[in-house]
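[1] Sequence plus the predicted model coming up.
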Amino acid sequence: MGKQLLVTGSSGLIGSEVCLFFGRHDFVVHGIDNNQRAIFLGEAGDTRWNQQRLGRELPGFVHHEVDVRHRAAVLDLVAQLKPDAIVHTASQPSHDRAAAIPFDDFDTNAGGTLNLLEAARRSCPESPFMHMSTNKVYGDRPNTIPLRELPTRWEFADPAYAHGIAEDFPVDQSKHSLFGASKLAADVLVQEYGRYFGMPTCTLRGGCLTGPGHSGVELHGFLSYLVKCNLEEREYRIFGYKGKQVRDNIHSEDVARFMYGFFHAPRVAEVYNLGGGKENACSIFEAFALAEKFSGKPMRHTYVEENRIGDHICYYSDLRKIKAHYPDWTITKPLEQTVGEIVESWRQRLS
């Protein structure tokens, strides 16, 4: 029997990719998901289709209809399985939505993470624990970096950020949104369980996580939702910053590949910025052009002057630390290929 992996948020973008990737490498995969995304984000955020796909494509996959907020259920399941690794991707993912549901947001993002960490400490403290955090832990402080305006994007003007945002960037005295605050609490908990108890943990501060398995909606999933709007010929709303705001995009498979590498060479209480880096960064207008290239349809859009609270004007991850610690890992999916895969995925789902 292969090693056992427990993945929370297993029907989501990263969770499902991790399930499939580890499953192809002789892991018995257990997934935790109760489709809470559909409750948080509405019918368009429903991920049951992905749960069904895992059942079809991953032999031996075991689905557990568990809410990570339910402490007893989480403690019992981890005690029963004693998995060889835990990948925690379940979350309330929208910083816009968090303001309307602050208790659900914090109980899911911070409380759910605490439940899993304590379950791991009690039942499998030597198993690597990988947590999907977010670059929103830095709040809006990246917006204090001097910028220069280019024809289609904003760019860092300070040469100290030529490679992007590094892991030692400050996280306090900035506006995070309630989502950013709850994810920061989880992020620090993962570090502390590693540092205080000597557990092999890492927290991965994701950039724009994307890929063909994403159920993108307006409140979360920028690139996937943009492509969906393009294919359906619906208007995409740009919120501020002239549509030149920059995100670095990383394919979900490259995220899963890093986690697999961490499992084989775990470290204690590590923090990594995990995004596409400067090479896979694009602005909204640049993403429009890519979507149009693959779909053949013009992008319809409207502009809202007011930006989203705490939104980054320009952000891409400095990947030098993660590559130094794991030199065999690199970005394998360039941005154009990723957009092409997303277009094809939405075509199949919308047909």
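    On my side now, so go ahead.
[2] Show me where the stretch 251-351 of the chain has its helices.
    For the stretch 251-351 of the chain, helices defined by DSSP state H, counting those that start in this stretch occupy the ranges 252-264, 284-295, 320-325, 335-350.
[3] For the ones you listed, give me TSV that also has mean neighbour count.
    To be clear about C-beta, it is placed using only N, CA and C from the backbone, and glycine gets the same treatment. Putting these into TSV (neighbours: other Cβ atoms under 10 Å) gives the following:
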stretch	mean neighbour count
helix 252-264	21
helix 284-295	19
helix 320-325	16
helix 335-350	17
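[4] so which of these comes closest to Glu167?
    Closest approach to Glu167 among these is made by helix 320-325 (5.8 Å; Cβ to Cβ).
[5] picking up where we left off before, among the helices of the stretch 251-351 of the chain, which is nearest Thr89?
    Of these, the one closest to Thr89 (Cβ to Cβ) turns out to be helix 252-264, at 9.1 Å.
[6] Now tell me what touches that closest one from outside.
    13-14, 16-18, 20-22, 25, 85, 87, 128, 130, 132, 202, 204, 206, 209-211, 213-214, 272, 274, 322, 326, 328-329, 331-333 (Cβ atoms under 8 Å, 6 or more residues apart in numbering).
[7] Looking at these, which are in helices?
    Among the contacts of helix 252-264, DSSP state H puts 13-14, 16-18, 20-22, 322 in helices.
[8] thinking again about what came up before, how about the helices of the stretch 251-351 of the chain in CSV, adding distance to Glu155 and mean pLDDT?
    CSV is the format used below for the helices of the stretch 251-351 of the chain (distance: least, Cβ to Cβ, whole Å; pLDDT from 0 to 100):
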stretch, distance to Glu155, mean pLDDT
helix 252-264, 23, 98
helix 284-295, 12, 97
helix 320-325, 19, 98
helix 335-350, 16, 96
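[9] among the ones you listed, which is nearest Gln173?
    Here helix 320-325 is closest among the helices of the stretch 251-351 of the chain (Cβ to Cβ), at 23.3 Å.
[10] Report the distance from the closest one to the chain centre.
    19 Å (Cα atoms, centre = their mean, to the nearest Å).
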